[in-house]
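K.L.:
what follows is a predicted protein model with its sequence.
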Amino acid sequence: MNQDIYVVIEHLRGQAADISYIMLGGARALAQKTGGEVVAVLLGHNVQSLVNNMSADKVLVVDHPALAEFTSDAYQKTLAGLIAEKEPRAVLFASSSIGADLSGVLSARLNLPLISSCQRFSADGRPISQICGGKIMVESDLPEVTTLLTMIPGGYKPEEGQSGKTPEIIKMDAPALDDLRVTLKQYIEAEAGDVDISKEPILVSVGRGIQTQDNLELAEELAKALGGVVSASRPVVDQGWMPTSRLVGKSGKTVKPKVYLTLGISGAPEHAEAIMGSEMIIAINTDPAAPIFDIARYGAVIDMFDLFEVLIAKVKETQGIR
Amino acid sequence: MNIVALFKLVPDLVEELEIDGNGTALNMDFLRLIINEFDDHAIEQAILLKERGGAQVSILGPDIEGVEDVLYTAASKGADRLIKLTGDFQGKANNHAMARAVTSALKELQPDLILTGVQANTDLDGSLGPLLAEYLDMPYVGYVSGVKVADGKVITRKEYPGGLVAEMEIKLPAVLGIQAAEQPPRYIAVAKVRQAMKTATIEVRTLAESDLSGGSTIRRMFKPEAGTRAEMIEGSAEEVTTRLLDIFKEIGVL
Ligand SMILES: Cc1cc2nc3c(=O)[nH]c(=O)nc-3n(C[C@H](O)[C@H](O)[C@H](O)COP(=O)(O)OP(=O)(O)OC[C@H]3O[C@@H](n4cnc5c(N)ncnc54)[C@H](O)[C@@H]3O)c2cc1C
């Protein structure tokens, strides 16, 4: 085993994901402890230009038509060989639709430990993960063998993984990629909604605490009075109460409004990661321990149904709406 | 078609979580355990597939408090076999151990399709699905929110950020990590669950000794540092409203 920290670059349809840069930032922090290099690993087809601004000491590129789009089987095969051959100190994957498909399977296949939901590394290089919807942090030992980790945002900024100079590129051969059990049929584009919440300056965002579809009217009324629109967390969308176009979070949109007012949203990591760019977060929640209060600027522990009537009335009064 | 859905019980996050005296685990004494939300979706998806195309659906879960409730509820939804797994699930058990231990019970069921929740709130060594898949030598696809079965294959909707979906074709047998069922888990009245208790039987399988390797060693568990906590607005609805209006005015929203 060497002391290098590998980062499996995540990209989709020609674009590197923010988490790739975040991971490179984390890898640099860890590499300073282990004394190794930061090595980006890029699988794809004609994607080499993606690494131009990446802060890595080296990039290993595996170029193959079967890797052009992500499929779990082909990517697992390629990475299994590469990790077994190189034996780095750690391999970072995104905690994402791509990284989660890879890391678990590779952990079992290569018999290597896996630590998930790592947000940052402690001063002595131990992974710190976030579990229980953001309510609990866990510091783990970094095992003395090649360790796989999945990373979540929040510990490092994308800028920490960017650099002005192009890293050294090393081309690697792909293994035989036939007999694949998983194939991509097609992409289905997101349905365009009536509004683009990623561009709205005022969002009134509701979570599971709203309880019923009928109660959404209250949020609509408040949003309208404020001149904003309603967005939602995943449970509300999964219930079919709001369209996917209004979903904020990891599987939905990233938003950066002037004000993001949450009602009955706990602030789980998958929601929180997509609202960090908001200028101001205001959280209404009945649970004083809700993680949303750790990222909000202002908060109130109050039942939203006690608040709606007065708040809507006062906002309307101020706006001259009757 | 044999479909197996596997579930875990996890802390209800609405309750306050306590860390035990050693500072390395959750204090289980006061914890209320509920079915992992995504596993509930996996069970729903299994039932939907049965309703659509016919299948035998088996539901498996670890024998800890609350397991029978989940199993009988699944039976009232239409599950055919209910299986309780006995073994060491308290304390340090991790997904690597669980995945290894459950493989023989799964092989016996000869599943064509195994559905699990895409993740659980206590996962610290990845989620169960991909580990299971590899130990069973089956392909895995996660973040799935729709499944169609078509001769020897499944077509799944795999979710990417921003609402983009990839349609993936996967050879059976396979393991899928379910993010959301095609419709929300159905509500079952208590009376129906009680009825299932009288008619359905729960089978028991004893799991092999747990092998924790592959998981992490926890050094310290703690609650997020409060440093950046929100400024809290205290008081009645009127008082909160007054302060909110001031804030809205300050930032030019009103
Ligand atoms: C792969 C993956 C991707 C995901 N992507 C997303 C995503 O894009 N977006 C997303 O949001 N989630 C996503 N999730 C789900 C995420 O993990 C959480 O389950 C979800 O964000 C929780 O939504 P919530 O806060 O509305 O519900 P909960 O966590 O159940 O919180 C409800 C909150 O409402 C409060 N409450 C209840 N009643 C009231 C009341 N009367 N007044 C005030 N407060 C009240 C409660 O105290 C609680 O804090 C994803 C999960 C996975 C595994």
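P.N.:
Everything's here; your move.
K.L.:
how near is the residue of the stretch 151-254 of chain B found nearest the ligand to A:S97?
P.N.:
Relative to the ligand, the nearest point of the stretch 151-254 of chain B is B:Q179 (5.5 Å; Cβ to the nearest ligand atom). Any C-beta I mention is one placed from the backbone N, CA and C, and that applies to glycine too. Distance from B:Q179 to A:S97, counting by Cβ to Cβ, to the nearest Å: 9 Å.
K.L.:
out of the two, which sits in the more crowded spot?
P.N.:
More crowded of B:Q179 and A:S97, by other Cβ atoms under 10 Å in any protein chain shown: A:S97, with 26 against 23.
K.L.:
double-check the more buried one against B:G162; I have them as touching.
P.N.:
No - applying Cβ atoms under 8 Å as the test, A:S97 and B:G162 come out as separate, 11.2 Å apart.
K.L.:
count the neighbours of residue 120 for me.
P.N.:
All of this refers to chain A. 19.
K.L.:
looking at chain B here, not the other one
P.N.:
Counted by other Cβ under 10 Å, the residues lying close to B:A120 total 23.
K.L.:
can you pull the phi and psi angles for the closest residue to it other than its chain neighbours?
P.N.:
If the residues on either side of it in the chain are set aside, B:A120 comes closest to B:N36, at 4.2 Å by Cβ to Cβ, 6 or more residues apart in numbering or on different chains. Dihedral pair for B:N36: phi -60, psi 120, per degrees, to the nearest 10.
K.L.:
now do the helices in the chain.
P.N.:
In the absence of a named chain, chain A is used. All helices of chain A, identified by DSSP state H, fall at A:18-34, A:72-86, A:99-110, A:216-226, A:234-238, A:269-272, A:292-295, A:304-319.
K.L.:
the intended chain is chain B.
P.N.:
Under DSSP H, chain B gives helices at B:37-53, B:67-77, B:95-109, B:128-135, B:190-199, B:237-250.
K.L.:
indicate which one of these is closest to chain A.
P.N.:
helix B:128-135 (2.8 Å; Cβ to the nearest Cβ).
K.L.:
wait, does the closest one contact chain A?
P.N.:
Yes - using Cβ under 8 Å from any Cβ of the partner chain, helix B:128-135 reaches chain A at B:129-131, B:133-135.
K.L.:
quick one: mean pLDDT for that helix?
P.N.:
For helix B:128-135, the mean per-residue pLDDT is 98.
K.L.:
next one: that helix to chain centre, how far?
P.N.:
Distance, stretch centre to chain centre, for helix B:128-135: 14 Å (Cα atoms, centre = their mean, to the nearest Å).
K.L.:
so which elements touch that helix?
P.N.:
helix A:99-110, helix B:95-109, strand B:113-117, strand B:140-150, strand B:174-178 (3 or more Cβ pairs under 8 Å, 6 or more residues apart in numbering or on different chains; DSSP states H and E).
K.L.:
which of those is buried the deepest?
P.N.:
Most buried of the helices and strands packed on helix B:128-135 by mean neighbour count (mean count of other Cβ atoms under 10 Å in any protein chain shown) is strand B:113-117; its value is a mean of 29.
K.L.:
roughly how far is that strand from the heart of the chain?
P.N.:
Counting by Cα atoms, centre = their mean, strand B:113-117 comes out at 10 Å from the chain centroid.
K.L.:
so in that sheet, which strands flank that strand, and in what orientation?
P.N.:
If you go by DSSP bridges, strand B:113-117 pairs up with strand B:2-6 (parallel), strand B:174-178 (parallel).
K.L.:
taking the stretch 51-200 of chain B, what residue is nearest to the ligand?
P.N.:
B:Q119 (4.6 Å).
K.L.:
do you know how far the closest residue to that residue other than its chain neighbours is from B:N95?
P.N.:
Among residues not flanking B:Q119 along the chain, B:S127 sits closest, at 4.5 Å (Cβ to Cβ, 6+ apart). Distance, B:S127 to B:N95, using Cβ to Cβ: 6 Å.
K.L.:
for B:T228, same thing?
P.N.:
31 Å.
K.L.:
what residues does the stretch 1-150 of chain B put near the ligand?
P.N.:
B:118-119, B:143 (Cβ under 6 Å from any ligand atom).
K.L.:
quick check: neighbours shared by B:Q179 and A:S97?
P.N.:
When contacts are counted by Cβ atoms under 8 Å, 6 or more residues apart in numbering or on different chains, B:Q179 and A:S97 have B:142-143, B:159 as shared neighbours.
K.L.:
one step back: from the residues of helix B:128-135 next to chain A, which is closest to B:D12?
P.N.:
B:G129 (22.2 Å; Cβ to Cβ).
K.L.:
residues contacting the closest one?
P.N.:
B:G129 neighbours (Cβ under 8 Å, 6+ apart): A:104, B:114, B:116-118, B:140, B:142, B:175-177.
K.L.:
ditto for A:R28
P.N.:
A:5, A:38, A:55, A:160-161.
K.L.:
at 10 Å what do you get?
P.N.:
Residues in contact with A:R28 (Cβ atoms under 10 Å, 6 or more residues apart in numbering or on different chains) are A:5, A:7, A:37-38, A:55-57, A:156, A:160-161, A:163.
K.L.:
just send the helices of chain A back as CSV, with mean pLDDT too.
P.N.:
Shown next, in CSV, are those (pLDDT from 0 to 100):
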stretch, mean pLDDT
helix A:18-34, 97
helix A:72-86, 98
helix A:99-110, 98
helix A:216-226, 98
helix A:234-238, 97
helix A:269-272, 97
helix A:292-295, 94
helix A:304-319, 97
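K.L.:
most tightly surrounded among these?
P.N.:
helix A:99-110 (a mean of 27).
K.L.:
what does the stretch 201-322 of chain A put close to the ligand?
P.N.:
Residues of the stretch 201-322 of chain A lying near the ligand (Cβ under 6 Å from any ligand atom): A:207-209, A:233-235, A:247-252, A:264-266, A:268, A:270-271, A:284-287, A:290, A:303-305.
K.L.:
drop anything exposed from those.
P.N.:
A:207-209, A:233-235, A:247-252, A:264-266, A:268, A:270-271, A:284-285, A:287, A:290, A:304-305 (16 or more other Cβ atoms under 10 Å in any protein chain shown).
K.L.:
how about A:R322, nearest residue that isn't a chain neighbour?
P.N.:
That would be A:K316: by Cβ to Cβ, 6+ apart, it lies 7.0 Å from A:R322.
K.L.:
wait, isn't the one you found in contact with A:F308?
P.N.:
No - at 11.9 Å, A:K316 does not count as touching A:F308 under the criterion of Cβ atoms under 10 Å.
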